[in-house]
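> Pasting the sequence and the predicted model now:
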2 protein chains.
Amino acid sequence: MTKPALTALAQSLPASVPFVGPEAQERQMGRPFTARLGANESAFGPSPKAITAMQKAASEAWMYGDPESHDLRRALAKHHGVAPENIMVGEGIDTLLGLLVRLYVAPGNAVVTSAGAYPTFNYHVAGFGGALHTVPYTGDFEDPDALIAKATEVSAKLVYIANPDNPMGSWHSADVIQNMINRLPAGCMLVLDEAYVDLAPEGTAPAINPDAPNIVRMRTFSKAHGLAGARVGYTIGSAEVIDGFNKVRNHFGMCRISQAGALAALQDTTWLAHVGREVANARDRISDIAKANGLTPLPSATNFVTIDCGKDGDFARAVLTALVAGGIFVRMPFVPPQDRCIRVSCGTSAQISDFEAELPRAMTQAHEKLG
Amino acid sequence: MTKPALTALAQSLPASVPFVGPEAQERQMGRPFTARLGANESAFGPSPKAITAMQKAASEAWMYGDPESHDLRRALAKHHGVAPENIMVGEGIDTLLGLLVRLYVAPGNAVVTSAGAYPTFNYHVAGFGGALHTVPYTGDFEDPDALIAKATEVSAKLVYIANPDNPMGSWHSADVIQNMINRLPAGCMLVLDEAYVDLAPEGTAPAINPDAPNIVRMRTFSKAHGLAGARVGYTIGSAEVIDGFNKVRNHFGMCRISQAGALAALQDTTWLAHVGREVANARDRISDIAKANGLTPLPSATNFVTIDCGKDGDFARAVLTALVAGGIFVRMPFVPPQDRCIRVSCGTSAQISDFEAELPRAMTQAHEKLG
């Protein structure tokens, strides 16, 4: 029996995992992490109302979810002042990014992002045969001018920017992003990843123009809303762009329980405000701990703090390795010079205390290892 | 601002929904269905233990699910007597079918299925530019000989069969399918959709050979396990084929709540047996109701009964339309001559009584409409 051959494109792809999950690390270590601060999850949890809604929906899980996510889409449309036709709900931003790349990027088409930005976007670009072009960060910020210049130079189909940025936590004001939109080259779509924007200062998100044909915004319930495990993201765009997702999406792909949870979470603005305060406090505390250890916390508009360890990538990796060995799950940027940093999510007070207790030991170990 | 162009392939695709959801029909009618018997969901619900597990996991939904679905995969491997490396968990069979087509079907590659078989598979084949070839059913059965002959003729990359079959409910014995496997042409993969096999008689599923390089089996928690809304499917195949999914899947795509629910459901064999008995009873009762109305129920190894309305597709569609207008959600096959039938899922006793009450009126209306 001759085995079937993968497509040439599939053959060219590595069988990779963009991120190793903390559970896999725990299995490898043989014990659980004491603090889960590596995936920018919201340790403050989802809204109690969302939990109640999901618990109620659990007994209704024998029914497929509404393939149109009608109620959630309507609520999101109202929330953002657009029409339901401007919203597509999907199984997290990761899925929506994959569908978007599939719709617009044919093999060989150019795509632009920043070196060290969200790797799952790059994974999808590679997965559909796109040609990825990168520009460096400038001073720990994604560089709108460089992105636009590169997109123009290579006639990119898509150009990606996250605002606020992950993994650096930096952000641009709305007018900087709007200016970027205004200068997009012909035939190029801006993929504006606003996963963290619910936690950013007022004035970070440019106004939503549902008629703009060349910008899609990615939003999620995984961060401020604390529903990472439920897989609910959405994209906002022109009705024509949004309808395009119906060509390729899994129409019945949304978990019914997750739809219910997201709808309840969206309506609980009190909880969202509470999380915002908790995140702000945690950011301050993580920053203070970094400074107390002689490190430099970067300003952040997200639910994490990126900490400059003051040396090179090898040193930051040594700090990270020691933290992980000490039961503190953290991650770090992949690319120099950003990889001089570690990235610490805003956990609960107890989790941050665990981090506080482990960091001095991790620093000592890193110094001992690298001199 | 010139808008970005879809890829040529994406431009060729319709923005379609393979199935309209019952919720959309309810919104259109302005009232809910009294009986939801159209999507082969399990009205008997998931295992109470699965509900409890999901309710517990709801408060942990701030954490991403394990991207390796380690615990579930291990339990499934044990259940099937294979290694975890032979199992890939995904967001329902629909997602796994899409990934499989993406991995093996380049634009123009041939794929074979039966005319009138699962349309979502066809949707994925079209979505990746495959050339779909169909063979007719033979006597309401998918025809293994015809499928193999066509796959050989067109040098198909994939050949699809569902056993038991949806939408007809018919099934082949394990030896017929094994014989099909043995005769697969070189370079062709059998996609064996066993979504309903948990409800079929012993001897329906051929033995699992984890080393066979040219067969992937699709299984799901959506049918007998009553977790359609949770989106958990899995595929069983050779370690090499299974690892291929890691090239293209959304590694963090699995809902954490759903993983917990599926694991608990798998372990509750008592509930599965209970559902099996309920389904068998419901099948008998639906069949009796069909006969009492002068119609012919087809034998079924699934959680639905396909009922031959005795005339052509227009007549069956008229019966279906009248049932839907009467608050009974049912569906029907798409393609002649199977479209002389309607398809009724095994609901609760109360739902079947609703169907029983409406069917005579629907028959009368269909006769009045079509003479």
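That came in fine, so what should we check first? Numbering: from 1, shown residues only, chains lettered A, B, ... in the order given.
> how about the nearest residue to the residue of the stretch 251-371 of chain A found nearest chain B, chain neighbours excluded?
Ranked by CB to the nearest CB, the top residue of the stretch 251-371 of chain A for proximity to chain B is A:R256, at 3.1 Å. Backbone N, C-alpha and C define where each C-beta goes, glycine included. Taking CB to CB, 6 or more residues apart in numbering or on different chains, and ignoring the residues beside it in sequence, A:R256 has B:G229 as its nearest neighbour in space, at 3.1 Å.
> so what's the residue of the stretch 251-371 of chain A closest to chain B up against?
Contact criterion CB atoms under 8 Å, 6 or more residues apart in numbering or on different chains gives A:A57, A:E60, A:A61, A:M63, A:Y64, A:G65, A:D66, B:G229, B:A230 as the residues in contact with A:R256.
> what do you get if the cut-off is 6 Å, keeping everything else the same?
A:A57, A:A61, A:G65, B:G229 (CB atoms under 6 Å, 6 or more residues apart in numbering or on different chains).
> With A:N122 instead?
Contacts for A:N122 were tallied using CB under 6 Å, 6+ apart; they are A:L132.
> in what helix or strand does it lie?
Assigned by DSSP states H and E, A:N122 falls within helix A:119-127.
> next structured bit after that helix?
Moving toward the C-terminus from helix A:119-127, the first helix or strand encountered (DSSP H and E) is strand A:131-135.
> That following strand pairs with which strands, and in what direction?
strand A:110-114 (parallel) (DSSP bridges).
> between the partner strand and helix A:119-127, how many degrees?
160 degrees (axes from the mean of the first three to the mean of the last three CA atoms, to 10 degrees).
> nearest spatial neighbour of the one residue sitting closest to the centre of chain A, skipping sequence neighbours?
The centroid of chain A falls nearest to A:A195 when counting by CA atoms, centre = their mean (5.3 Å). Excluding its sequence neighbours, the residue lying closest to A:A195 (CB to CB, 6+ apart) is A:T220, at 4.8 Å.
> need the residues of the stretch 201-350 of chain A near chain B, please.
Taking CB under 6 Å from any CB of the partner chain as the contact definition, the stretch 201-350 of chain A meets chain B at A:213-214, A:226-231, A:243, A:246-248, A:250-251, A:253, A:255-258.
> Give me the distance from the longest helix along chain A to the chain's centre.
Within chain A, and with DSSP state H defining each element, the longest helix by residue count is helix A:269-292. The chain centroid and the centroid of helix A:269-292 are separated by 18 Å under CA atoms, centre = their mean, to the nearest Å.
> now for the helix or strand following that helix, which elements pack on it?
Helices and strands here follow DSSP H and E; after helix A:269-292, the next one along the chain is strand A:296-297. Using 3 or more CB pairs under 6 Å, 6 or more residues apart in numbering or on different chains; DSSP states H and E as the contact criterion, the elements in contact with strand A:296-297 are strand A:304-308.
> Which parts of the strand it packs on count as buried, going by neighbours?
Taking 16 or more other CB atoms under 10 Å in any protein chain shown as the basis for neighbour counts, the residues of strand A:304-308 that come out buried are A:F304, A:V305, A:T306, A:I307, A:D308.
> Give me the nearest residue to the last one, chain neighbours excluded.
Translated: A:D308. Nearest in space to A:D308, with sequence neighbours left out and distances taken as CB to CB, 6+ apart, is A:T296 at 4.1 Å.
> What is the burial count for the one you found?
Here the neighbour count serves as a burial measure; for A:T296 (other CB atoms under 10 Å in any protein chain shown) it reads 14.
> got it, and A:L37?
Other residues near A:L37 number 30, with proximity taken as other CB under 10 Å.
> what residues are up against the residue lying closest to it once chain neighbours are set aside?
In space, A:L37 comes closest to A:S345 once its chain neighbours are excluded; the distance is 4.3 Å by CB to CB, 6+ apart. Listed by CB under 6 Å, 6+ apart, the contact set of A:S345 reads A:L37, A:N40, A:F304.
> who are the neighbours in contact with the closest residue to chain B within the stretch 101-250 of chain A?
At 3.1 Å from chain B, A:G229 is the closest residue in the stretch 101-250 of chain A, using CB to the nearest CB. Taking CB under 6 Å, 6+ apart as the definition of contact, the neighbours of A:G229 are B:A61, B:M63, B:Y64, B:G65, B:R256.
> Out of those, which comes closest to A:A156?
The nearest member of the contacts of A:G229 to A:A156, counting by CB to CB, is B:Y64 at 29.9 Å.
> Could you double-check that the closest one sits in contact with A:A230?
No - in this structure, B:Y64 is not within contact of A:A230 by CB atoms under 6 Å, at 9.7 Å.
> Which one of these two is surrounded by more residues?
A:A230 (33 against 26).
> Ignoring the adjacent residues along the chain, who's closest to the more buried one?
Distances taken as CB to CB, 6+ apart place A:S258 nearest to A:A230, at 3.9 Å, with adjacent residues excluded.
> I'd say the one you found and A:V232 touch.
Yes - in this structure, A:S258 sits in contact with A:V232. The criterion is CB under 6 Å, and the distance is 5.0 Å.
> Neighbour count: the two, which is higher?
Residue environment comparison for A:S258 versus A:V232 gives the larger neighbour count to A:S258, 33 against 29, counting by other CB under 10 Å.
> Can you name the residues that contact the more buried one?
Shown here is A:S258, whose contacts under the criterion CB under 6 Å, 6+ apart are A:A230, A:R231, A:V232, B:C255.
> same question, A:G233
If you count contacts by CB under 6 Å, 6+ apart, then A:G233 has A:G90, A:G92, A:I93, A:L96, A:T220 around it.
> would JSON lines of these with secondary structure and distance to B:A273 be doable?
As requested, the contacts of A:G233 are arranged in JSON lines below (DSSP: H, G, I helix; E, B strand; the rest coil; distance: CB to CB, whole Å):
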{"residue": "A:G90", "secondary structure": "strand", "distance to B:A273": "36"}
{"residue": "A:G92", "secondary structure": "helix", "distance to B:A273": "35"}
{"residue": "A:I93", "secondary structure": "helix", "distance to B:A273": "41"}
{"residue": "A:L96", "secondary structure": "helix", "distance to B:A273": "40"}
{"residue": "A:T220", "secondary structure": "strand", "distance to B:A273": "40"}
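> got the contact list for stretch A:47-58?
Taking contacts as CB under 6 Å, 6+ apart, the residues outside stretch A:47-58 that touch it are A:256-257, A:260-261, A:264-265, A:268, A:271, B:51, B:54-55, B:58-59.
> try 8 Å
Defining contact as CB under 8 Å, 6+ apart, one finds that stretch A:47-58 is touched by A:45, A:225-227, A:230, A:256-265, A:267-268, A:271-272, B:51, B:54-55, B:58-59, B:61, B:229, B:257, B:261.
> burial of A:Y160, as a residue count?
By the other CB under 10 Å criterion, the neighbourhood of A:Y160 contains 28 residues.
> Kindly report the same for A:A146.
Neighbour count of A:A146, defined by other CB under 10 Å: 16.
> which SSE is it in?
Going by DSSP H and E, A:A146 is in helix A:144-154.
> for the record, mean pLDDT for that helix?
The average pLDDT for helix A:144-154 rounds to 98.
> Between strand A:131-135 and that helix, find me the angle.
Counting by the same axes, to 10 degrees, helix A:144-154 points 150 degrees away from the direction of strand A:131-135.
> What distance do you get for A:A265 to A:V275?
Per CB to CB, to the nearest Å, A:A265 is found 10 Å from A:V275.
> so what sits against both of these two?
When CB under 8 Å, 6+ apart defines a contact, the residues bordering A:A265 and A:V275 alike are A:H225, A:G226.
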